[in-house]
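Q: Sequence unavailable; structure follows:
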Ligand code: GDG
């Protein structure tokens, strides 16, 4: 059975000390439940912080061995590490910034250093645990550097990363002084999951703007490998909440004594956190009571606030603000037997929580920013009678799924007031219809579904990688090739130009060969055993201008033109009657699409879009391709989709034809072809099994070997030129 290694800040167990004894309490949080469901198909271990500062080595050993039996691996952090890494960088820098609270964000080099070193500590604890074939799943904002740290030590393992909080827009993320390292840290993963499409979109934009990484339908193209980014909205343990609450629990008695007949109970449940919008919610509730006094005495807000992060200053200030606001409203409006707000500043045992969800006519969930918000889903799941109204902030990830709720802008007090009024007056049938639809979704997309989908995608990627990844041309493989090269008496080297000998530039005319590549080519041309051919899609004038002074052969325009023994000649008799019509169509597209242009060659027309706006061009390419395919149907023409270029040409023109031309000229005992583009696939296909066909980059290819980028190509050619 394959194994999954979970890495998260906290383990799903907490350690307490009672009368000197260590006591373990398993926590039944959503994540633990979701991951537990994977046990049917996978073995699993979980690595994370033990949650208590334990310095005594003997005690640490005891915990380690106790946990080992439960497939848990504890990491021990000192009090200082917790203060700087967890309460510090995680909760004073990343948490506020990623929730758009720039004013609460602390930028401190020492906190960052601690974050980095504790992330390394996590990675160092994970690495020795990993076995062949394991999949690793790292969680959340406390561990964003871990994927890259693991990648360095475990280049071939499959690593997933899930962010539970929002990923902010580029304009916010760029504020971080350590933004590049954090981005690269996350990109160490093969699969990165977010709760919503917006977070995914922001991440792709950040990868592009900061890292320069292009992406295509969520696949980020890096030189060494692809990273998949996708949306996996986290669900809840539906059955746990869709169950009758045990009768006669404390909260029921406590609340019921405040409620009269036909009384509306509104609930809100959060950790004490400035992202949750608690003060704005209290103010809006106060405003509602003032504007609609008929509801005074007939509606109560039961507000559960769970103490949290008490060591961070902002949280202490928030606590004071909440106390003050509750006191003010209760002080101003309470009557004998009625308080507008029942305020519980403590965690509730689960039965009480469930009871509260089930008693509530309205759930008021108004975070200013929230990655997902599970409370909203739990309220929906708990409504066994399929009634009740959910008021939900549009800033919570959950608003993307719970669309039948009353969706409000938490900064707009009037919006909340009106939603409360609508909720109080909503007919039963309407409540049923909404609740039924939401319940269906929450039930289907539960936490098990979430975990299974993420792991399934990671597994698929692992299998894909195995299919594509075998033949890296390095180490012993490279040495053996260099040896064959040295022993050969007739060698043919077919080299693509753009993306192979030279990197891409925005302006294709500026890809002028540099000194380094010209002297490399010169060196390769020296031995009389060598025939060196640059085999490109470019026009022959340009190639001649750039490389004409070198003693090499060339093929231009995908095999239309040949340069042999210093002379250019073209292939005769190729039809070009189709060109005017296609050119006219392309010109029209160029007029409507800024940043694109046409390149006209003797027997082909190419539409380049590498300078165009990336977001805008996506839709345009689709439109362009559809019209083009329709226009050239039944003609002997071929469309080539290259790197940021679409080219139309005769079917008989291809790099494969060109490759064959040279191949048949002599009896070569060493053939090498290197290329990065789809058009180079024709070259690879035309060559015999014994040839060294080398793909640059990670796209699918029929080539036998693979190297990562232009630098590696140059390194390879240098190695050969020295033999
Ligand atoms: C982060 C992201 C994302 C709350 N009070 C009590 C109690 N709870 C439980 C709730 C719920 C959980 O805590 C809170 O989850 P949220 O999703 O609302 O918020 P965060 O803790 O901030 O979680 C968030 C989540 O990760 C998952 O990815 O949704 O956006 O910020 O399950 O039921 N449970 C008990 N007593 C309480 O008083 N027993």
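A: Thanks, I have the structure now. Please read all numbers here as calculations on a predicted model, not as lab measurements.

Q: residues touching residue 579, list them.
A: 600, 605 (CB atoms under 8 Å, 6 or more residues apart in numbering). C-beta coordinates here come from the backbone N, C-alpha and C atoms, glycine included.

Q: how far away is it from the ligand?
A: Per CB to the nearest ligand atom, to the nearest Å, residue 579 is found 56 Å from the ligand.

Q: And for residue 485?
A: Residue 485 is 54 Å from the ligand, by CB to the nearest ligand atom.

Q: That residue: neighbour count?
A: Other residues near residue 485 come to 19 when the count uses other CB atoms under 10 Å.

Q: which residues sit in contact with it?
A: Taking CB under 8 Å, 6+ apart, we find residue 485 in contact with 491, 670, 672, 720, 723.

Q: Identify the farthest-apart pair in those.
A: Farthest pair in these (CB to CB) is 672 and 723. Separation: 12.4 Å.

Q: more neighbours, those two?
A: The neighbour count for residue 672 versus residue 723, taken as other CB under 10 Å, is higher for residue 672 (24 against 12).

Q: Just confirm the more buried one is within a strand.
A: Yes - assessed with DSSP: H, G, I helix; E, B strand; the rest coil, residue 672 lies in a strand.

Q: tell me what the helix or strand hosting residue 303 is packed against?
A: Using DSSP states H and E, residue 303 falls within strand 299-306. Judged by 3 or more CB pairs under 8 Å, 6 or more residues apart in numbering; DSSP states H and E, the packing partners of strand 299-306 are strand 264-271, helix 278-291, strand 341-344, helix 350-359.

Q: Now the element after it, going C-ward?
A: Taking DSSP H and E, what comes next after strand 299-306 is helix 313-333.

Q: tell me which residues in that next one are buried?
A: 314-315, 318-319, 322, 325-326, 329-330, 333 (16 or more other CB atoms under 10 Å).

Q: Just name the closest of these to residue 34, please.
A: Nearest to residue 34 out of these is residue 315 (CB to CB; 27.7 Å).

Q: Spit out the contact partners of that closest one.
A: 272-274, 308-309 are the contacts of residue 315 under CB under 8 Å, 6+ apart.

Q: try residue 541
A: By CB under 8 Å, 6+ apart, the contact set of residue 541 is empty.

Q: Where do the strands of the stretch 51-200 of the chain begin and end?
A: Taking DSSP state E, counting those that start in this stretch, the strands of the stretch 51-200 of the chain run over residues 72-75, 135-139, 158-162, 191-194.

Q: how much space between residue 389 and the ligand?
A: 18 Å.

Q: In contact with that residue: list those residues for me.
A: So residue 389 contacts 361-363, 405-406, 422-423, 426, 431, 434 (CB under 8 Å, 6+ apart).

Q: If we use 7 Å, what do you get?
A: Taking CB atoms under 7 Å, 6 or more residues apart in numbering, we find residue 389 in contact with 361-362, 406, 423, 426, 431.

Q: ok, and the most crowded of these?
A: Counting neighbours by other CB under 10 Å, residue 362 leads the contacts of residue 389 with 24 neighbours.

Q: mind putting the contacts of residue 315 in TSV, neighbour count and distance to the ligand included?
A: Output for these, formatted as TSV (neighbours: other CB atoms under 10 Å; distance: CB to the nearest ligand atom, whole Å):
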residue	neighbour count	distance to the ligand
272	18	10
273	23	7
274	22	12
308	16	8
309	19	11
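
Q: just those residues: which has the poorest pLDDT?
A: Lowest pLDDT among the contacts of residue 315: residue 309, with 77.

Q: That residue and residue 110: what is the separation?
A: 19 Å (CB to CB, to the nearest Å).

Q: Using CSV, lay out the contacts of residue 315 together with distance to residue 170.
A: Listed next are those as CSV, based on distance: CB to CB, whole Å:
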residue, distance to residue 170
272, 30
273, 25
274, 23
308, 29
309, 27
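
Q: From the ligand, how far off is the nearest residue to residue 195 once chain neighbours are set aside?
A: With sequence-adjacent residues excluded and distances taken as CB to CB, 6 or more residues apart in numbering, residue 195 is closest to residue 397, at 4.0 Å. Distance, residue 397 to the ligand, by CB to the nearest ligand atom: 6 Å.

Q: Determine the set of other helices and strands touching the host helix or strand of residue 22.
A: Assigned by DSSP H and E, residue 22 belongs to strand 21-26. On a contact count with 3 or more CB pairs under 7 Å, 6 or more residues apart in numbering; DSSP states H and E, strand 21-26 meets strand 13-18.
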